[in-house]
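K.L.:
Got a sequence here, can you model it:
(one chain, ligands or ions: 1)
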Amino acid sequence: MSPPVPTVRVTAAIPEEGIEVLREAGFRIEMGGVDVEGIDALLCLLTDRIDAPLLERGDRLKVVANMAVGVDNVDLEAAAHLGITVTNTPDVLTDATADLAFALMLAAARRVSWGDRLVRSGGFRGWEPLLGLGFEVTGGTLGIVGAGRIGTAVAERARGFRMDVLLCDLGFGVPLADLLERSDFVSLHCPLTPETRHLIGEEELRRMRTHAVLVNTARGPIVDERTLVRALREGWIGAAGLDVFEEEPRLAPGLVDLPNVVLTPHVGSATFTTRGRMAEIAARNVVAALRGKRVPNAVVQGTRSP
Ligand code: GLV
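P.N.:
Numbering: from 1, shown residues only. Predicted coordinates for the structure are as follows:
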């Protein structure tokens, strides 16, 4: 008798590249929902909450393949305890995310969204010497918090803008307080962990320069968003470029009313190429785990056998 065909649940529509890999592997694919009962593998998104009670229901679950580099939506401890493998999709999204961090930095410093709104609303009456003045990016000091793959890629881009780069990471580089005091731009690239939740709060925002631009393409809860609204409103800092928010898709009260913030809807990795590769890699992680092979991107290496 041939062994039963493993079932993979894909929690939402993903790029075809991922589905293709699962189909070629001959797995049964169930689309939609985060239910894990009777499921061998879950290919999920960063918006899916994969907590202990859910994992405990996965009597046959061998692998949770998150289609993201961040895994803060998965209870890693519970997964490890239950012997379930957890994987992510690093590397492929490094450049796309670093590009967006730079886009937000430039847009916030040079008031791109404000200008766009002015022109669209018919408010542009011609060149004026004092119209739309912003902050100079080239030659400024860029503080990067989190010196991993994406932070390093942002630093590479900064070279082209002749910027001085300060790096701060757990236990090495410039201390955070120094970095905040010396930087014209601060870009966040650390994972969300209990240690980095509200890493940037009132004390840190007050340390920053009054013209400084804060960029967050990492995870919303790294910044105390309500306090950031006050900082932007009261001029503790100059501007912000945000791709992520504390309670997505909700925004802190007052954020959208501020003229000195540029907002994008968590699209750091959202290029056709990158999202296709993320889906493919998540699916390849599923295939490896269900075939008992070495799993390329295991954040937690499980013990349940296929
Ligand atoms: C996106 O935010 C990711 O973690 O991949």
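K.L.:
and residue 89, what does it touch?
P.N.:
Contacts for residue 89 were tallied using Cβ atoms under 8 Å, 6 or more residues apart in numbering; they are 66, 67, 68, 69, 277, 278, 281, 282, 285, 297. The C-beta positions use only the backbone N, C-alpha and C, and glycine is treated the same way.
K.L.:
repeat that with 10 Å
P.N.:
Residues in contact with residue 89, defined by Cβ atoms under 10 Å, 6 or more residues apart in numbering, are 18, 65-70, 269, 274-275, 277-282, 284-285, 296-297.
K.L.:
do the same with residue 157
P.N.:
Residues touching residue 157, when contacts are defined by Cβ under 10 Å, 6+ apart, comprise 95, 98, 99, 101, 102, 105, 142, 163, 165.
K.L.:
mind listing which of the contacts of residue 89 are in helices?
P.N.:
18, 274, 275, 277, 278, 279, 280, 281, 282, 284, 285 (DSSP state H).
K.L.:
any idea how far the most centrally placed residue in the chain lies from the ligand?
P.N.:
For the chain, residue 218 is the residue whose C-alpha lies nearest the centre (Cα atoms, centre = their mean; 3.9 Å). Noted for residue 218: a distance of 8 Å to the ligand, by Cβ to the nearest ligand atom, to the nearest Å.
K.L.:
Show the model's pLDDT score for the nearest residue to that residue once chain neighbours are set aside.
P.N.:
Beyond its immediate neighbours in the sequence, the residue positioned closest to residue 218 (Cβ to Cβ, 6 or more residues apart in numbering) is residue 188, lying 4.6 Å away. At residue 188, the model reports a pLDDT of 98.
K.L.:
Could you do the one 5 residues further on as well?
P.N.:
Here, the pLDDT recorded for residue 193 equals 97.
K.L.:
same thing with residue 4?
P.N.:
Confidence per residue is given as pLDDT, and for residue 4 that number is 87.
K.L.:
list the contacts for residue 144?
P.N.:
When contacts are counted by Cβ under 10 Å, 6+ apart, residue 144 touches 101, 150-155, 158, 165-169, 173-174, 179, 183, 185-190, 215.
K.L.:
and if you look at residue 289?
P.N.:
Under the criterion of Cβ under 10 Å, 6+ apart, the contact partners of residue 289 comprise 6, 40-41, 62-65, 84-87, 295-296, 298, 301-302, 304, 306.
K.L.:
Equivalent analysis for residue 100, please.
P.N.:
The contact partners of residue 100, by Cβ under 10 Å, 6+ apart, come to 93, 107, 150, 154, 215, 217, 241, 243, 264, 266-271.
K.L.:
If we use 8 Å, what do you get?
P.N.:
When the contact criterion is Cβ under 8 Å, 6+ apart, the partners of residue 100 are 217, 243, 264, 267, 268.
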